[in-house]
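>>> My questions are about this predicted structure, shown below with the sequence.
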Amino acid sequence: MGRSFNPYDDVKIISQIADLKEVDYKNTLVVTALVELLVEKGILSRQEILRKAQELEVDLTLDMLTPQSPTSVRDLN
């Protein structure tokens, strides 16, 4: 059986997507500000930041492609 149509559910979903876009924008703004400050203060170069971002992207991609075995609480201790 299919679910019954409820326009309110669609409005809730659209609202949640708008909220996510706002959060994403704010996060991007903060990260950009941090990068600019680190570069301006000579703490890191843009190249170092880009290199680290690429490393993290590769690591995350590999993690997503690698099957994970279930872990128990005992394994974490």
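Great, that's in hand.

>>> all contacts plus neighbour counts: C-alpha atoms, from now on.
Fine.

>>> which SS class is Ser4?
Counting by DSSP: H, G, I helix; E, B strand; the rest coil, the backbone at Ser4 sits in coil.

>>> measure it to Asp10 for me?
Plainly put, Ser4 is 12 Å away from Asp10 if you go by CA to CA, to the nearest Å.

>>> which of those two has more neighbours?
Asp10 (11 against 6; other CA atoms under 10 Å).

>>> How about the contacts made by that one?
Contact analysis of Asp10 by CA atoms under 8 Å, 6 or more residues apart in numbering lists nothing.

>>> and it, what element?
For Asp10, the element it lies in under DSSP states H and E is helix 7-40.

>>> Looking at that helix now, give me its mean pLDDT.
Regarding helix 7-40, the rounded mean pLDDT is 93.

>>> That helix: what's the following helix or strand?
helix 46-65.

>>> Now do that following helix: distance to the chain's middle.
In terms of CA atoms, centre = their mean, to the nearest Å, the centre of helix 46-65 is found 13 Å from the chain centre.

>>> name the helices or strands packed onto it?
helix 7-40 (3 or more CA pairs under 8 Å, 6 or more residues apart in numbering; DSSP states H and E).

>>> Give me the buried positions along the helix it packs on.
Buried residues in helix 7-40, counted by 16 or more other CA atoms under 10 Å: 35, 39.

>>> so that helix versus helix 46-65, what angle?
Angle, helix 7-40 to helix 46-65, by axes from the mean of the first three to the mean of the last three CA atoms, to 10 degrees: 140 degrees.

>>> how far is helix 7-40 from where the chain is centred?
Distance, stretch centre to chain centre, for helix 7-40: 10 Å (CA atoms, centre = their mean).
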